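>>> generate a structure from the sequence data that follows.
(2 chains)
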2 protein chains.
Amino acid sequence: MTGGTPEEYGTLYVVGIGPGLPDHMTKRAKDVIETADCVIASNLYQKFLREDGTLPPEEEFDDDGCVTRDDGHEQQLVRSSMGRQIELAREAFERVRAGEDVAHVSGGDPSVYGKSDLIFTMAREEAATDVPIEIVPGMTAALGGAANVGAPLCNDFCTVSLSDKWRGWDEIEEKLRAAAISSFVIVLYNCWRNYEKAIEIVREERTDDAYVAIVNDAGRADTGRNGEDQFVTTLGEAADHDDKVSGMGTSLIVGTHETDTWSNDDRTYLVTPRGGRDVADF
Amino acid sequence: MTGGTPEEYGTLYVVGIGPGLPDHMTKRAKDVIETADCVIASNLYQKFLREDGTLPPEEEFDDDGCVTRDDGHEQQLVRSSMGRQIELAREAFERVRAGEDVAHVSGGDPSVYGKSDLIFTMAREEAATDVPIEIVPGMTAALGGAANVGAPLCNDFCTVSLSDKWRGWDEIEEKLRAAAISSFVIVLYNCWRNYEKAIEIVREERTDDAYVAIVNDAGRADTGRNGEDQFVTTLGEAADHDDKVSGMGTSLIVGTHETDTWSNDDRTYLVTPRGGRDVADF
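Here you go, the predicted model:
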C-alpha cells in the first residue's frame, strides 16, 4: 500500500478456493475467508467451504446470514448468483468503505476465467479508486486436473476457454491453431461449449494419435456433477466421448506428439517429457 | 488404485508447495508432508516449510535427519540437491517398497517445470512399475505472480520456459512467436536465461506499448533473492530492466494489446479483460 485509501476502510479480497473441496485451497485463502467481515459465495462454493469448517455449518447462521465465529467476530455470508454480479460488486465496494474486509469467493484461480476481471471492470466503471483490492490466487483446474492424470503439463502449456460468449470464435480458433502447431500442451476450459469444434481444429494441425485427457470435477470427489474422474483417449477419438464432457467441471488436456502414457501396476499416467533429456542428464 | 501394488508398500508423493512461503501451499500438500515417513526437500524448501511448522525446527532433528512428530510418528528428512536427483529417486522407490510414504517436495507445481517429469522418467528407466505415484498439485509462479500484479491472466495464457538446456532454441522461438501472434498472455519462466532474446522475438509480433510485468520471488516475502516485488513496464522497455530479472524466482508476464493498467489510490494493477464485455453484460 502506498496509502491513498482512508485508514478506516477494509479490503476487497478476490479469493480463489481451487477447483473443489478445500483440500486444494491455500492457507492464505482459508485465512482470508475465515477472518473476513463479509463472505460472498455461491451455494456450490459455500458447500465446498463447509467441508473442512472454513465456513460454519448452515444452521449456525441467523436469518440475515450472520454468524459469530470462534474468535468472537461477527461474519455475514452473502449468496452470490450469476444474475446479481453488478449488484454484489457494488455492495462489496460499499462494505469496504464502511470498514469491512470482504472476501469475494471465486472457484479455481480468480484470474483464470474467474472473478478478477469482473471486479476490476466494475471498479473502473464505478470509479471506485478508493477501494483497495487484493487478489488471492487459487489452484486452477488445469493444475488440479493435470495432477490427477500424472504429469501432462511438464512442457510449455496454454489454457483456452471455449466460451464464445464474450469473444469471437475466430479468436478462439486462431489460438487453438497456433497452440496446436507450435506444440503447446493445450488445456481447454468451458468445454461444454464447442468442444467437438475445438477438437476438429486441433486435429487439422496435430496427429490423431496425440493423447487427450478428459478430466471431470478435479478436486470435487463425489460432490461434482459426475464425480471426480479422468479418462485418457486420443485426439482422433476425443469427439466420440461427449458423454464424458459434462459441464463447467470438465477440462480437456490435449497432449503434444511427445506426450505419452506410462502404466504401473496401479494405473495409467499421462506424461509430457520436459525435453530431450534422459536419466543420465539429471 | 486398481490394486497391483503389494499392500505393504507406501506411496511416492510428488508435492508442489507453491512459489514460496507456506501461505500459498494447499492443505493437501501440508497434510502429505506432515504425515510422510520421509520428506525429500532442498535447503530452500525446507526453510520455507519451517515458516509455519509444516516441518519442525532444525534443532529438533537428530544427526540422521530424524524427528518425532507431535502425533508420535517418526519422520526422516533428506536433503535434495541438484546433482543427486537420480540417486534420490532411486532411494525414494526403495523407501516406498519398504512401506514408507515419501514426500518429494517440488517448488510451485510439480508439473510446471517441477519434479514430476524427473520422477516419471526415472520410474520408466528403472522399470519401477510396482511403485505407486501420486502428484499433489501446487500453486505455480504464474498464478502467484499474476495475483501480485492484479489480473493479467484473465484471458487465455501460456507458459514458456526460456531454458534451452533440454530443448532447442528453435522450439522455444516458435512457441513465443505463435503465442505472440495469437494474443496469448505469455508467462516466461527461467528468465535468467535468454530473456532479452525472448523479448526481441515477441516484439517482432506485438506492439511495443504492450504491458509487461516483471515479478520477483512471488510468495517469498523478503526470503527470496531480491525480496518479493513486481514492476510494470512495456515490451519496448522490458529488455532495459535486466537488473530486475535476477534468477529462478523471476517470471515475466507479457500482456496482449488488450492488457491495460488501472490505478486506484493505493497502487497500479495490470488487467487483461476477459473479452469484449462491459458492465451491462454481467
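>>> list the contacts for residue A:16?
Going by C-beta atoms under 8 Å, 6 or more residues apart in numbering or on different chains, residue A:16 touches A:29, A:106-110, A:114, A:135-140, B:143. Where you see a C-beta, it was placed from the backbone N, CA and C, and this is true even at glycine.
>>> show me which of those residues is closest to residue B:187.
Minimum distance to residue B:187 across the contacts of residue A:16 is 9.1 Å, recorded for residue B:143 (C-beta to C-beta).
>>> the closest one - that's part of a helix, no?
Yes. The assignment for residue B:143 by DSSP: H, G, I helix; E, B strand; the rest coil puts it in a helix.
>>> ok, and what's touching the lowest-mean-pLDDT helix or strand in chain A?
Taking mean pLDDT, DSSP states H and E as the measure, chain A has strand A:229-234 as its least confident helix or strand, at a mean of 90. Identification of contacts with strand A:229-234 by C-beta under 8 Å, 6+ apart yields A:145, A:148-149, A:208-218, A:240-241, A:244, A:261, A:268, A:270.
>>> which ones among the contacts of residue A:16 are found in helices?
Of the positions in the contacts of residue A:16, A:29, B:143 sit in helices, assigned by DSSP state H.
>>> now the contacts of residue A:16 in TSV, with pLDDT, neighbour count and distance to residue A:121?
Formatted as TSV, the contacts of residue A:16 follow (pLDDT from 0 to 100; neighbours: other C-beta atoms under 10 Å in any protein chain shown; distance: C-beta to C-beta, whole Å):
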residue	pLDDT	neighbour count	distance to residue A:121
A:29	98	30	22
A:106	95	29	14
A:107	94	26	18
A:108	96	28	19
A:109	97	31	17
A:110	97	32	13
A:114	90	26	13
A:135	97	27	14
A:136	97	26	19
A:137	97	34	19
A:138	97	32	20
A:139	96	35	24
A:140	96	33	20
B:143	96	34	20
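>>> from the contacts of residue A:16, which land in strands?
Here DSSP state E is the test, and the contacts of residue A:16 give A:106, A:135, A:136 as lying in strands.
>>> can you count the residues close to the nearest residue in space to residue A:164 that is not next to it in sequence?
Nearest residue to residue A:164, sequence neighbours excluded (C-beta to C-beta, 6 or more residues apart in numbering or on different chains): residue A:172, at 6.2 Å. Residues near residue A:172, counting by other C-beta atoms under 10 Å in any protein chain shown, number 23.
>>> now, among the ones in strands among the contacts of residue A:16, which is nearest to chain B?
Distance to chain B across those (C-beta to the nearest C-beta) is lowest for residue A:135, with 4.1 Å.
>>> wait, that closest one sits on residue A:116?
Yes. Taking contacts as C-beta atoms under 8 Å, residue A:135 lies within contact range of residue A:116: 5.6 Å.
>>> so what sits against both of these two?
Jointly contacting residue A:135 and residue A:116 under the rule C-beta under 8 Å, 6+ apart are A:14, A:110, B:150, B:151.
>>> the helices in chain A, which residues?
Counting by DSSP H, the helices of chain A are A:27-35, A:43-50, A:85-97, A:116-125, A:141-149, A:169-181, A:195-205, A:235-238.
>>> residue A:141 is in contact with residue A:217, isn't it?
No. At 9.2 Å, residue A:141 does not count as touching residue A:217 under the criterion of C-beta under 8 Å.
>>> anything in contact with each of these two?
The contact sets of residue A:141 and residue A:217 overlap at A:19, A:249 (C-beta under 8 Å, 6+ apart).
>>> okay, now the domains of chain A?
A:12-139, A:142-281 (automatic domain parsing).
>>> how long is the first one end to end?
Yep, that's domain A:12-139 we're talking about. Taking C-alpha to C-alpha, to the nearest Å, domain A:12-139 runs 20 Å from one end to the other.
>>> how far is it from where the chain is centred?
15 Å (C-alpha atoms, centre = their mean, to the nearest Å).
>>> just stretch A:142-158 next, same as before
Remark: stretch A:142-158 is offset 14 Å from the chain centroid, using C-alpha atoms, centre = their mean.
>>> contacting chain B as well, which ones from the ones in strands among the contacts of residue A:16?
Restricting those to those within reach of chain B (C-beta under 8 Å from any C-beta of the partner chain) leaves A:135, A:136.
>>> of the ones in strands among the contacts of residue A:16, closest to residue A:75?
Nearest to residue A:75 among those is residue A:136, at 16.8 Å by C-beta to C-beta.
>>> surely that closest one and residue A:15 touch.
Yes. The pair residue A:136 and residue A:15 passes the contact test of C-beta under 8 Å, sitting 4.4 Å apart.
>>> list residues touching both of the two?
A:29, A:32, A:110.
>>> can you redo those residues as a markdown table with distance to chain B?
As requested, the shared contacts of residue A:136 and residue A:15 are arranged in a markdown table below (distance: C-beta to the nearest C-beta, whole Å):
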| residue | distance to chain B |
| --- | --- |
| A:29 | 9 |
| A:32 | 10 |
| A:110 | 7 |
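>>> so the residue of the stretch 51-200 of chain A found nearest chain B versus residue B:16, what's the distance?
Relative to chain B, the nearest point of the stretch 51-200 of chain A is residue A:166 (2.8 Å; C-beta to the nearest C-beta). Distance of residue A:166 to residue B:16, computed by C-beta to C-beta, to the nearest Å: 31 Å.
>>> pLDDT score for the closest residue in space to residue A:36 that isn't next to it in sequence?
Distances taken as C-beta to C-beta, 6+ apart place residue A:103 nearest to residue A:36, at 3.9 Å, with adjacent residues excluded. On the pLDDT scale, residue A:103 is placed at 98.
>>> so what sits opposite residue A:103 in the bridge?
residue A:13, residue A:39 (DSSP bridges).
>>> my guess is it contacts residue A:31. True?
No. Between residue A:103 and residue A:31 there is no contact under C-beta under 8 Å: 9.9 Å.
>>> the two: who's more crowded?
residue A:103 (28 against 15).
>>> which ones are touching the more buried one?
A:13, A:15, A:32, A:33, A:36, A:38, A:39, A:40, A:41.
>>> what residue ranges in chain A score low on pLDDT?
A:1-3, A:222-227, A:276-282 (pLDDT under 70).
>>> mind running it again at 50?
By pLDDT under 50, the weakly predicted segments of chain A are A:1.
>>> quick check: the residue nearest to the spatial centre of chain A vs residue A:173, distance?
Central residue of chain A (C-alpha atoms, centre = their mean): residue A:108, 2.5 Å from the mean position. When C-beta to C-beta is the yardstick, residue A:108 and residue A:173 sit 24 Å from each other.
>>> can you tell me the closest non-neighbouring residue to residue A:6?
Closest to residue A:6 by C-beta to C-beta, 6+ apart is residue A:130, at 7.1 Å.
>>> show me the contacts for the closest residue to residue A:17 other than its chain neighbours.
Using C-beta to C-beta, 6+ apart and skipping residues adjacent in sequence, the residue nearest residue A:17 is residue A:25, 4.9 Å away. Counting by C-beta under 8 Å, 6+ apart, residue A:25 touches A:17, A:18, A:54, A:138, A:139, B:26, B:27.
>>> farthest-apart pair in those, please.
So, these by C-beta to C-beta: farthest apart are A:54 and A:139, at 14.7 Å.
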